[in-house]
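Participant: Build the 3D model from these lines:
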Amino acid sequence: MAIDYRITAKELVKELGGNSNINNVTHCATRLRFILKDESKIDSDKVKKIPGVITVVQAGGQYQVVIGNHVKDAFDFVMELVTIDASQAEANPANKAGIFSRIIDVISSIFAPFLYTLAACGILQGILGIFVALNAIDTAGGTYQILNFISWTAFTFLPVLIAVTAAKKFGMNVYTAVVIACALVCPDYISMVNAGDPVYFLGIRVQLLSYTSSVIPIILTVWAASYVQKFFDKHLPIVVRNLFSPMFTITLMVPLTLLVVGPVGNAVGGAIGGAYNFLYGLSPIIAGIVVGGLWEVLVIFGVHWGITPVTVGNYATLGYDTFTGLQASAVFAQAGATLGVFLKTKDRDMKGVSASAAVTGLFGITEPAIYGVNLRLKKPMICGCIAGAVGGAVGGAFNAVSWGYNMPGIATIPAYFKAGHTSQFLGFLLSIIISFVLGTVLTWIVGFKEDLPMPEAESSKEPEHPETAGETKETEKAVEGLILGSPVKGHVIPVSQVKDEVFASRTMGDGVGILPVEGKVYAPCDGTIQVVFPTGHAVGISSGDTEALIHIGINTVELNGKGFTAHVEQGQTVKKGELLVSFDKDFIENNGYDPTVIFIVTEKKDGQDLEICADVDVNCQDTVIRVI
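Facilitator: As a prediction, this is how the structure comes out:
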């Protein structure tokens, strides 16, 4: 079933307290990251039930909503509904969190928007490497040279990409930040670096460092520049502010970066990368066990972004990255564990979920596998971590590395190949194969307890009515035709008693009226949405030869959609129990309207009859109409 992420976004904003409670929102590869004024007012159980939401994670001062592959679609729709105040975003509750949480928040906000672009360039580098190894392309020819510099462009001008997102994060003018970044990678400055001759600014010697592909220096520079710009914006007269504020900021920050901020940032970045590479040098196998076994645990808590500066820095300084070579084992292991669930489970719904999540995991997006399957069933998650540790050890033993930035998955395998390093590549392939197969086998052997909801027929209390009381599940199955559950929770009355002459006369069809106790309307059966009224007050659904109408309230069309939120669209396929419409019962009553939900069968096959249950209290999905 296709999910309408416009509806997902609308429900998210509503459940998160509306625009007034959202200070900021960003996204990474699979999750929306909200900074909220007050998380205590959020009901996470309701958020998790929104169509399109896999789960939620509260970590790093953020309220993270895991969406999966379609996170960009959801993000775009959310941004249409909220207004982000830069000053409020800066003074957000995340700043009250620990320093580590704040650093993670900054890194995720800066890198997430262009990660796929970096990965695309990394894959292109890998593909070119394969062509070179096969002698399928002339390295001296123009085709190779053009494709090669294209593949390196994003890394060469990485400070410019970072400047764009960092400026948005720190609340400064994006174009001013970009000019500062461009100054650090412009040809004239690069020529000065290559020449190696002493350069002085106001008598102070400049430490000539290359900032192409650098990370930490530009982040620190834009952070500092945001305060400089705000100072000038505050103190300069408005008639000259737009001209002189960026001029003073650029003129001050570029030399300050070359003299102080750049060298400090370069030293910090080098120290962080050096610490990991030192540990890796002590024992690649142990590093592989740790990374392969624990990487997905970091993903669960949303703190995995902390490693991004290290990996990007490795590509800049070493030309390759060892961490990604080990990280891949963790990814493939969790995908394998999910496949193990698919092969082991007997539950039809879990088979569908695990099959989809396993495929998605193979392409590097593991959140659906983790939250939707493995973590939910617990043992598969543990099996995946064990398999990842074993695979990581194998990868470490072969010194598996990635030669271009990527997010591990089937599509990015070329990024791990480079001519002259065949043994490392084969070791990498062996590590991910072992991880995947072992994850599958372990999960199959260990098994799991399927903590799944009971089927509706067993968990719902059947309405006590003379026509249905005492019927067993087997009797229900014996009745030919369609069983329609109540779309809402409430008290059922015959449709002849509703306070609308047209419906009461059964002109449009026979059925029931339901006096609702809550404002949620669910699908009464599996079927296809035939119509959703623009006002949201009525929905038509069909299943086979049967068509039914759910009409919320009497004359509520006059509210012009106020108080109603539709969660489905025309032509959409739905499952029984899926949320169709939300409505504000109190709002309807306060405006003088009867909120009775009218549920009638408008079309049925010739020769079929209706068996109707009335004068009882029902829960959602309790049987109220049988088409026999």
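Participant: Break this structure down into its structural domains.
Facilitator: 5-97, 157-280, 283-446, 474-627 (automatic domain parsing).
Participant: any idea which of those domains is most buried?
Facilitator: Of all the domains of the chain, domain 283-446 carries the top mean neighbour count, a mean of 23, counting by mean count of other Cβ atoms under 10 Å. (Each C-beta comes from the backbone N, C-alpha and C, glycine too.)
Participant: What's the end-to-end length of that domain?
Facilitator: 30 Å (Cα to Cα, to the nearest Å).
Participant: Quick one: distance of that domain to the chain centre.
Facilitator: Put simply, domain 283-446 sits 18 Å off its chain's centre (Cα atoms, centre = their mean, to the nearest Å).
Participant: Which one of the domains of the chain lies nearest to Ile137?
Facilitator: domain 283-446 (11.4 Å; Cβ to Cβ).
Participant: related to what we said a few turns ago, same list, the domains of the chain, but as TSV with mean pLDDT and distance to Phe149 please.
Facilitator: Output for the domains of the chain, formatted as TSV (pLDDT from 0 to 100; distance: least, Cβ to Cβ, whole Å):
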stretch	mean pLDDT	distance to Phe149
domain 5-97	78	26
domain 157-280	90	11
domain 283-446	87	14
domain 474-627	86	46
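Participant: ok, now which ones touch the residue of the chain positioned farthest from its centre?
Facilitator: Here the chain reaches farthest from its C-alpha mean at Gly203, the gap being 51.0 Å by Cα atoms, centre = their mean. By Cβ atoms under 8 Å, 6 or more residues apart in numbering, Gly203 lies in contact with nothing.
Participant: how close does it sit to Val268?
Facilitator: 26 Å (Cβ to Cβ, to the nearest Å).
Participant: can you check Ile190 too?
Facilitator: Distance from Ile190 to Val268, by Cβ to Cβ: 22 Å.
Participant: Next: Leu442.
Facilitator: Counting by Cβ to Cβ - Leu442 and Val268 are separated by 40 Å.
Participant: And for Arg31?
Facilitator: Taking Cβ to Cβ, one finds Arg31 at 27 Å from Val268.
Participant: Skipping its backbone neighbours, what lies nearest Glu547 in space?
Facilitator: Leaving aside its sequence neighbours, Glu547 sits nearest to Glu603 (Cβ to Cβ, 6 or more residues apart in numbering; 3.8 Å).
Participant: To clarify, my last question referred to Lys449.
Facilitator: Nearest one to Lys449, counting by Cβ to Cβ, 6+ apart, is Leu377 at 7.2 Å.
Participant: is it true that Asp4 touches Gln570?
Facilitator: No. Assessed by Cβ atoms under 8 Å, Asp4 is found out of contact with Gln570, at 11.1 Å.
Participant: If you count contacts, what does the helix or strand containing Val25 end up packed against?
Facilitator: Using DSSP states H and E, Val25 falls within strand 22-27. Other helices and strands packing on strand 22-27, by 3 or more Cβ pairs under 8 Å, 6 or more residues apart in numbering; DSSP states H and E, are strand 31-36, helix 71-81, helix 86-90.
Participant: Mind doing that once more with 10 Å?
Facilitator: Contact here means 3 or more Cβ pairs under 10 Å, 6 or more residues apart in numbering; DSSP states H and E; on that basis strand 22-27 packs against helix 5-15, strand 31-36, strand 62-66, helix 71-81, helix 86-90, helix 99-111, helix 158-170.
Participant: Give the pairing partners of it; include direction for each.
Facilitator: strand 31-36 (antiparallel) (DSSP bridges).
Participant: and Gly577, that one's in a helix?
Facilitator: No. According to DSSP: H, G, I helix; E, B strand; the rest coil, the state of Gly577 is coil, so it is not within a helix.
Participant: Looks like it contacts Val521 (just checking).
Facilitator: No. The criterion here is Cβ atoms under 10 Å, and Gly577 misses it with Val521 at 11.2 Å.
Participant: tell me, what's touching these two both at once?
Facilitator: Pro487, Cys620 (Cβ atoms under 10 Å, 6 or more residues apart in numbering).
Participant: how near is Asp526 to Gly352?
Facilitator: 14 Å.
Participant: whoops, Glu367 was the one
Facilitator: 17 Å.
Participant: Can you list the residue ranges for helices in the stretch 251-400 of the chain?
Facilitator: Here the stretch 251-400 of the chain has its helices, by DSSP state H, counting those that start in this stretch, at 262-282, 284-301, 308-317, 322-344, 348-362, 367-369, 375-377, 379-397.
Participant: Compare these and give me the one nearest Pro487.
Facilitator: It's helix 348-362; of the helices of the stretch 251-400 of the chain, that one is closest to Pro487 (Cβ to Cβ) at 21.0 Å.
Participant: rewinding a little: looking at the helices of the stretch 251-400 of the chain, which is closest to Thr153?
Facilitator: Once the helices of the stretch 251-400 of the chain are compared by Cβ to Cβ, helix 308-317 is nearest, at 13.6 Å.
Participant: Check which helices and strands that closest one is in contact with.
Facilitator: helix 99-111, helix 115-133, helix 142-156, helix 158-170, helix 216-235, helix 262-282, helix 322-344.
Participant: Make TSV from those helices and add distance to Gly361 to it.
Facilitator: Shown next, in TSV, are these (distance: least, Cβ to Cβ, whole Å):
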stretch	distance to Gly361
helix 99-111	21
helix 115-133	16
helix 142-156	26
helix 158-170	27
helix 216-235	31
helix 262-282	25
helix 322-344	3
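Participant: so which of those helices comes closest to Asn242?
Facilitator: Between the helices and strands packed on helix 308-317, helix 216-235 lies closest to Asn242; by Cβ to Cβ that is 9.4 Å.
Participant: what's the spacing between that closest one and its chain's center?
Facilitator: Distance, centroid of helix 216-235 to centroid of chain: 31 Å (Cα atoms, centre = their mean).
Participant: Hey, what's the angle from it to helix 308-317? Just curious.
Facilitator: 120 degrees (axes from the mean of the first three to the mean of the last three Cα atoms, to 10 degrees).
Participant: any idea of the angle the longest helix anywhere in the chain forms with helix 115-133?
Facilitator: Across the chain, the longest stretch assigned as helix under DSSP state H is helix 422-446. Angle, helix 422-446 to helix 115-133, by the same axes, to 10 degrees: 120 degrees.
Participant: Show me what helix 422-446 packs onto, helices and strands only.
Facilitator: Using 3+ Cβ pairs under 10 Å, 6+ apart: helix 422-446 touches helix 115-133, helix 284-301, helix 322-344, helix 348-362, helix 379-397.
Participant: please redo it, this time with the cut-off set to 7 Å
Facilitator: Under the contact definition 3 or more Cβ pairs under 7 Å, 6 or more residues apart in numbering; DSSP states H and E, helix 422-446 sits against helix 322-344, helix 379-397.
Participant: Nearest approach to Val498 belongs to which of these?
Facilitator: Across those, closest to Val498 is helix 322-344 (Cβ to Cβ), at 46.9 Å.
Participant: for that closest one, packing partners?
Facilitator: By 3+ Cβ pairs under 7 Å, 6+ apart, helix 322-344 packs against helix 284-301, helix 308-317, helix 348-362, helix 367-369, helix 379-397, helix 422-446.
Participant: Dump those helices to CSV, plus distance to Pro487.
Facilitator: Shown next, in CSV, are the helices and strands packed on helix 322-344 (distance: least, Cβ to Cβ, whole Å):
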stretch, distance to Pro487
helix 284-301, 36
helix 308-317, 47
helix 348-362, 21
helix 367-369, 29
helix 379-397, 35
helix 422-446, 38
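Participant: List just the one of those helices that sits closest to Gly490.
Facilitator: helix 348-362 (27.3 Å).
Participant: would you put the C-alpha positions of that closest one in CSV?
Facilitator: The C-alpha trace of helix 348-362 is given here as CSV (Å, rounded to 0.1, in the frame of the first residue of the first chain):
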residue,chain,number,x,y,z
ARG,A,348,1.9,-13.8,7.3
ASP,A,349,2.2,-10.1,8.3
MET,A,350,5.7,-10.6,9.8
LYS,A,351,6.8,-12.4,6.6
GLY,A,352,5.8,-9.4,4.6
VAL,A,353,7.5,-6.9,6.9
SER,A,354,10.7,-8.9,7.3
ALA,A,355,11.0,-9.6,3.5
SER,A,356,10.8,-5.9,2.7
ALA,A,357,13.1,-4.9,5.6
ALA,A,358,15.7,-7.4,4.5
VAL,A,359,15.8,-6.1,1.0
THR,A,360,16.0,-2.5,2.2
GLY,A,361,18.8,-3.5,4.6
LEU,A,362,20.9,-5.0,1.8
